[in-house]
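Peer 1: attaching a predicted model along with its sequence, questions to come.
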Amino acid sequence: MVDLSTTYLGLKLKNPLVASASPLSEKVETVHQLEEAGIAAVVMYSLFEEQVIHESLELDHYLDYGTESFAEALTYFPNIGRYSIGSDVYIQHLSQVKKTVKIPIIGSLNGVSTGGWIDYARKIEDAGADALELNIYYLPFDPELSSTELEETYIQLVCNVKARIKIPLAVKISPFFTGMANVCRRLVEAGADGLVLFNRFYQPDFDLEELEIVPNLVLSTSQELRMPLRWIALLYGHVQADFALTTGIHTAEDVLKTMMAGANVAMMASELLKHGPGRVAEILAELEHWMTEHEYESIKQMQGSMSAQAMREPHALRRSNYIKVLNSFKYLP
Ligand SMILES: Cc1cc2nc3c(=O)[nH]c(=O)nc-3n(C[C@H](O)[C@H](O)[C@H](O)COP(=O)(O)O)c2cc1C
């Protein structure tokens, strides 16, 4: 028997498979199915800053009927699906999920400003969450905003959220930072116990007939694993945090690579949304099979074995590999 156990944010997990924030946590029943299939933990879909603000604007509307800000807010926020549910419903749902399953449940907050909405961090803790994931999503479109200012906003937000909770905090970020390693180090110093790399951006498309912007969600492929894989391999041992890899994990091989890079857990959304919770059991069986064939006794044994720290030639993960990769391409007209 191989030992698949790992730890993440101080939680003892039976294996490294974690369901990433997505509609998979919308129904208690689906979370239960994920648990039955062997998932080690589930990250709840996010409660968005805009959701909380929208509610308070609605409240303002009743107090101050007819303001323009209310009309604008109505067009801004979609009145559909889970995003239109109240934040208290989110908290109740989390509490219900927590009561139904035994696996750890990680709450999720998604936003960027340091306003009153972050009080929901404590409400998530009070609802029984085992940890909190803070997804910071901001598109720096303003030419006056410098990267230093933006990074400072991130750091402040992490400090403020950390001050409100006792449970461990993970921070989910995008790959779009100039000084990625430096930002990661500072986020950890600000209080992040774990880093979730990377947030996946959904790029809007143009509808040429209607001349409208259309949201366009395309699920990931294993190809997209490479960027977070490389960064975790580079940061492992240099930034003192737990790592969760998100984006592009679809197979047992992807999970193995993720562990070898140095991640504590492998987070999955697209693969499970496409094939259902039962896919977890298949991946776990393939994982055990591969490890037995290759004489690995435990996940812990392989964690970080392909990181820059463990490699004899870590430059393969850095710039020098760039020319080698370009040279490896054979153009056959
Ligand atoms: C339909 C859908 C909804 C998602 N909702 C959230 C969310 O509420 N909060 C969040 O942090 N990430 C959300 N994500 C992002 C996933 O957690 C994950 O980071 C991303 O899909 C990349 O992983 P994957 O390649 O396994 O899909 C969502 C993804 C999908 C496909």
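Peer 2: The structure has been received and is ready for your questions.
Peer 1: can you tell me which residues in the chain are near the ligand?
Peer 2: 20-23, 45-46, 108, 110, 135, 172, 200, 217, 219-220, 246-249, 268-270, 273 (CB under 6 Å from any ligand atom). (Each C-beta comes from the backbone N, C-alpha and C, glycine too.)
Peer 1: all strands for the stretch 151-300 of the chain, in order.
Peer 2: 169-173, 194-197, 205-207, 212-214, 242-245, 265-268 (DSSP state E, counting those that start in this stretch).
Peer 1: to residue 30, which of those strands lies closest?
Peer 2: Closest approach to residue 30 among these is made by strand 265-268 (13.5 Å; CB to CB).
Peer 1: for that closest one, output the C-alpha coordinates as CSV.
Peer 2: Taking Å, rounded to 0.1, in the frame of the first residue of the first chain, the C-alpha atoms of strand 265-268 are listed here in CSV:
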residue,chain,number,x,y,z
VAL,A,265,-2.1,19.6,-3.0
ALA,A,266,-3.4,19.3,-6.6
MET,A,267,-6.6,21.3,-7.1
MET,A,268,-9.1,20.3,-9.8
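Peer 1: what are the phi and psi values for the closest residue to residue 124 other than its chain neighbours?
Peer 2: The spatially closest residue to residue 124, leaving aside those adjacent along the chain, is residue 107, at 3.6 Å (CB to CB, 6 or more residues apart in numbering). Phi and psi for residue 107, reported as degrees, to the nearest 10, are phi -70, psi 160.
Peer 1: surely residue 107 and residue 133 touch.
Peer 2: Yes: counting by CB atoms under 8 Å, residue 133 is a contact partner of residue 107 at 7.1 Å.
Peer 1: neighbour-wise, which of those two wins?
Peer 2: Set side by side, residue 107 and residue 133 show more neighbours around residue 107, with 31 against 27, by other CB atoms under 10 Å.
Peer 1: who are the contact partners of the more buried one?
Peer 2: 44, 47, 94, 124, 125, 127, 129, 131, 132, 133 (CB atoms under 8 Å, 6 or more residues apart in numbering).
Peer 1: so which of these sits lowest on pLDDT?
Peer 2: Among these, residue 47 carries the weakest pLDDT, at 94.
Peer 1: could you measure from that one over to residue 29?
Peer 2: Remark: distance between residue 47 and residue 29 (CB to CB, to the nearest Å) = 20 Å.
Peer 1: for burial, what's the neighbour tally of residue 126?
Peer 2: Neighbours around residue 126, by other CB under 10 Å: 12.
Peer 1: how much space is there between the nearest residue to residue 268 once chain neighbours are set aside and residue 97?
Peer 2: Nearest non-adjacent residue to residue 268, counting by CB to CB, 6+ apart: residue 249, 5.0 Å away. Remark: distance between residue 249 and residue 97 (CB to CB) = 22 Å.
Peer 1: before we move on, back to that, most neighbours per residue, which of the strands of the stretch 151-300 of the chain?
Peer 2: Comparing those by mean neighbour count (mean count of other CB atoms under 10 Å), strand 265-268 comes out on top with a mean of 29.
Peer 1: and that one, what does it pack against?
Peer 2: Here strand 265-268 touches strand 17-19, strand 242-245, helix 252-261, going by 3 or more CB pairs under 8 Å, 6 or more residues apart in numbering; DSSP states H and E.
Peer 1: which other residues reach it?
Peer 2: 6, 8, 13, 16-20, 40-41, 43, 196, 242, 244-246, 249-250, 254-255, 258-259.
Peer 1: find the least confident helix or strand in this structure, judged by mean pLDDT.
Peer 2: In the chain, no helix or strand scores lower on mean pLDDT, DSSP states H and E than helix 68-76, which sits at a mean of 46.
Peer 1: surely residue 281 and residue 35 touch.
Peer 2: No: the pair residue 281 / residue 35 is not scored as a contact, 11.2 Å apart, by CB under 8 Å.
Peer 1: between those two, which has more neighbouring residues?
Peer 2: Here residue 281 and residue 35 are compared on neighbour count by other CB under 10 Å; more neighbours surround residue 35, at 19 against 14.
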